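**Student:** sequence and predicted structure, then a few things I'm wondering about:
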2 protein chains.
Amino acid sequence: MNKGIGIVEEKSISLQGSLLLESGQTLNNIELVYETYGELNSDASNAILICHALSGNHHAAGVYQDEKERPGWWDALIGPGKAINTDKYFVVCPNNIGGCHGSTGPSSLNAETNEIYGPDFPVITVKDWVNSQAKLADQLNIKIWHAVIGGSLGGMQALKWSQMFPDRISKAGVIAAAPKLSAQNIAFNEVARQAIITDPDFQAGNYLKAGTSPKRGLRLARMVGHITYLSEEAMRTKFGRELKEGKLNFGFEVEFEVESYLRHQGDVFSESFDANTYLLMTKLLDYFDPADEFNGDLVKAFEPIKAKIMVISFTSDWRFSPERSKEIVNALLAAEKETTYLEIKSAHGHDSFLFAEERYAKGLSAFLDN
Amino acid sequence: MNKGIGIVEEKSISLQGSLLLESGQTLNNIELVYETYGELNSDASNAILICHALSGNHHAAGVYQDEKERPGWWDALIGPGKAINTDKYFVVCPNNIGGCHGSTGPSSLNAETNEIYGPDFPVITVKDWVNSQAKLADQLNIKIWHAVIGGSLGGMQALKWSQMFPDRISKAGVIAAAPKLSAQNIAFNEVARQAIITDPDFQAGNYLKAGTSPKRGLRLARMVGHITYLSEEAMRTKFGRELKEGKLNFGFEVEFEVESYLRHQGDVFSESFDANTYLLMTKLLDYFDPADEFNGDLVKAFEPIKAKIMVISFTSDWRFSPERSKEIVNALLAAEKETTYLEIKSAHGHDSFLFAEERYAKGLSAFLDN
């Protein structure tokens, strides 16, 4: 329907100064890679920050010159005339620190030791990410974000932005998120971590130095992750109990379509993602709790917020179900914040936030534009 | 409240003849270990077959002389005056073939080759199990089971019994089961299988010969399994987001209580269960489909049934939810079978079938006794 953004290029920036992390450690010489779409207006009032999720990165929209068949992860929603309209807005999407797509992370060289960080890269938090993104905003001369938006872990960053920098954000889009992880969420993350850590090729995190690669562990982590991203309904519709060869083969090769899908997803991911980054991302999720400094009182935690907040959930999302979004909404309302809530009927499970379902896309654009 | 069964001993029996498996292979020299509780009456009309689930075995009730602190897995429901009343019934519980607790399985010696079966043990099905249990019944001179009962995969066996041997079973107790696995169920099984198979110590299934043990894989398989056995609510109630040391430690050691629980469950299991057996059990689940010979028509598949059937589900079970049990019930009713359905409110998730919740226990005993 709409033309896309077209060819995009990644940019890179060195953050000035150091970043004091929530763990007490300090991170220096931070490089962030990022992409931008659209043009910043003269008073820098049209900037939108896009925050990526667990396995996401800065390539949110458009295509690379040499990889035109693979648009960015949120290309369905970002572009000229799209929900996040690049004819109006200047969109910025960084790869967060700790990542493995160019920003300073576990596979980067630690300038102080001249060694790869590996397992010594500090455990970071959503708060640390928001602080690093604020530095990026400073250096891009963006004083106030028109909006900060993200899905899943990205939505958590948007929420944290509104809490930490109430004067620097006008609107927050908190999509398919939760106020904090449930025991079950943490349990799935722990299985993923244990899969990676117990892979003999993990080498206590020093696999780059050792010349190994914990692909088995990453593959399993991704497989279990994928089950939680898709709804049971989506899996049923997509795969049912279809047999790849039309008959049982009484063996342990791929038999059901869903097995083939999971193995493929796991294989691809294990070739392209960094194991230490995956560990960090899951910890970051586990630790997220905006009420942690407020004795668990989410209403109190939300008191500083000045931004208008749109919370969006998806009916078939069982990773972060609509009930979890409503916890955020209820606390925002109790704190008397300007809140819009949209529950979208969708069969794609947690992944629904990636698709431009009509009511979702229109709701988001109306929220941004009005 | 009720006294238990007390000390029990396992028995062993050699099945006569060979067993033609659904895969087309033949299994000879089958040994079954089993336990019995109560006394068989003179006309052998009070016998109840208990079918175990994925990781279960023949030790369903009572305690062993040298292990008095560990009662059988269904001790809450089997015993004098209990739901399955051993004052009235003669209860038989075998370890199924393919198992790893004494019955012929992958870790047994293949008498024909004088080698451990290992990965060469044939893939078996619920139908094969029922056929082996029918042989056991023959040799125990039990022509008709008063009832066949089981939870989860055990319930599937009870259902299959009623379909395959309509004249040899008066009642079937189909508890916390499903008519067949969903794509999501299969997906979880596949993650477990891949965890085991990709463990370098699995050695293509020949770990006993190689002197290795794929504990890492089994541990992960059990961890992911446990998430599906507990309800989200049960996990929240049991663990919440409680921190083991009361504070975040910004590392990858155990932090949350739920992590500690899962690791412990995985560790214990990986020390006591056989990896090839686990693979077989998950395949057995994936393959289960009583309608497979009836073009997917469950009503037609149920036509031969003569037994009275009680289907029981648990509200918090998301592995095999009440909706799945209702599929069985609806097909039974459409086939005009005598059917009772009980949906029990319980917070224990899939594991609920192991606990003697009052309405559940009373419902089951009324069904057996009336």
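**Tutor:** Nice, thanks for sending it over.

**Student:** so which residues of the stretch 51-200 of chain A form strands?
**Tutor:** Taking DSSP state E, counting those that start in this stretch as the test, the strands found in the stretch 51-200 of chain A are A:78-79, A:84-85, A:90-94, A:109-110, A:115-116, A:145-151, A:169-175.

**Student:** domain map for chain A?
**Tutor:** By the record's domain assignment, chain A is partitioned as A:11-180+A:290-369, A:185-282 (automatic domain parsing).

**Student:** between the ones you listed, which gets nearest to residue B:79?
**Tutor:** domain A:185-282 (33.1 Å; C-beta to C-beta). Where C-beta positions appear, they are placed from N, C-alpha and C, glycine not excepted.

**Student:** quote the end-to-end distance of the closest one.
**Tutor:** Across its full length, domain A:185-282 reaches 10 Å end to end, with C-alpha to C-alpha, to the nearest Å as the criterion.

**Student:** anything in that domain sitting right up against chain B?
**Tutor:** Yes - counting by C-beta under 8 Å from any C-beta of the partner chain, chain B has neighbours in domain A:185-282: A:186-188, A:190-191, A:193-195, A:197-200, A:216, A:219-220, A:223-224, A:226-227, A:230, A:232, A:235-236, A:238-241, A:248, A:250-252, A:255-259, A:262-263, A:266, A:279.

**Student:** are any of the residues you listed buried, and which?
**Tutor:** Those of the residues of domain A:185-282 next to chain B that meet the buried threshold are A:186-188, A:190-191, A:193-195, A:197-199, A:216, A:219-220, A:223-224, A:226-227, A:230, A:232, A:235-236, A:238-239, A:241, A:248, A:250, A:252, A:255-259, A:262-263, A:266, A:279, by 16 or more other C-beta atoms under 10 Å in any protein chain shown.

**Student:** now, those that are in strands?
**Tutor:** When these are checked against strands (DSSP state E), there are no matches.

**Student:** of the residues of domain A:185-282 next to chain B, which belong to helices?
**Tutor:** In helices, defined here by DSSP state H, the members of the residues of domain A:185-282 next to chain B are A:186-188, A:190-191, A:193-195, A:197, A:216, A:219-220, A:223-224, A:226-227, A:232, A:235-236, A:238, A:257-259, A:262-263, A:266, A:279.

**Student:** where does pLDDT dip in chain A?
**Tutor:** Within chain A, the ranges that satisfy pLDDT under 70 run A:1-3.

**Student:** quick check, central residue of it?
**Tutor:** When C-alpha atoms, centre = their mean is applied to chain A, the residue found nearest the centroid is residue A:53 (0.8 Å).

**Student:** rewinding a little: reformat the strands of the stretch 51-200 of chain A as a markdown table; add mean neighbour count.
**Tutor:** Compiled in a markdown table, these are given as follows (neighbours: other C-beta atoms under 10 Å in any protein chain shown):
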| stretch | mean neighbour count |
| --- | --- |
| strand A:78-79 | 28 |
| strand A:84-85 | 22 |
| strand A:90-94 | 25 |
| strand A:109-110 | 14 |
| strand A:115-116 | 16 |
| strand A:145-151 | 28 |
| strand A:169-175 | 26 |
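
**Student:** redo these as TSV? Include distance to residue B:294.
**Tutor:** Formatted as TSV, the entries for the strands of the stretch 51-200 of chain A read as follows, by distance: least, C-beta to C-beta, whole Å:
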stretch	distance to residue B:294
strand A:78-79	50
strand A:84-85	51
strand A:90-94	53
strand A:109-110	64
strand A:115-116	59
strand A:145-151	44
strand A:169-175	45
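
**Student:** turn those into JSON lines, including distance to chain B.
**Tutor:** Output for the strands of the stretch 51-200 of chain A, formatted as JSON lines (distance: least, C-beta to the nearest C-beta, whole Å):
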{"stretch": "strand A:78-79", "distance to chain B": "31"}
{"stretch": "strand A:84-85", "distance to chain B": "32"}
{"stretch": "strand A:90-94", "distance to chain B": "23"}
{"stretch": "strand A:109-110", "distance to chain B": "17"}
{"stretch": "strand A:115-116", "distance to chain B": "18"}
{"stretch": "strand A:145-151", "distance to chain B": "21"}
{"stretch": "strand A:169-175", "distance to chain B": "20"}
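
**Student:** so which of those strands gets nearest residue B:121?
**Tutor:** strand A:115-116 (44.9 Å).

**Student:** quick check on the residue nearest to the centre of chain A: phi, psi?
**Tutor:** phi -100, psi -170 (degrees, to the nearest 10).

**Student:** hmm, residue A:154 and it touching each other?
**Tutor:** Yes - look at residue A:53 against residue A:154 with C-beta atoms under 8 Å: they come within range, at 4.8 Å.

**Student:** helices along the stretch 1-150 of chain A, start to end?
**Tutor:** Applying DSSP state H, counting those that start in this stretch to the stretch 1-150 of chain A gives helices spanning A:126-139.

**Student:** and stretch A:152-169, how far from the chain's centre?
**Tutor:** On the basis of C-alpha atoms, centre = their mean, to the nearest Å, the separation between the geometric centre of stretch A:152-169 and that of its chain is 13 Å.

**Student:** in that stretch, which residues are buried?
**Tutor:** Going by neighbour count (16+ other C-beta under 10 Å), the buried part of stretch A:152-169 is A:152-165, A:168-169.

**Student:** show me which residues of the stretch 251-370 of chain A are close to chain B?
**Tutor:** That would be A:251-252, A:255-259, A:262-263, A:266, A:279, A:283, A:286-287, A:289, which are the residues of the stretch 251-370 of chain A within reach of chain B (C-beta under 8 Å from any C-beta).
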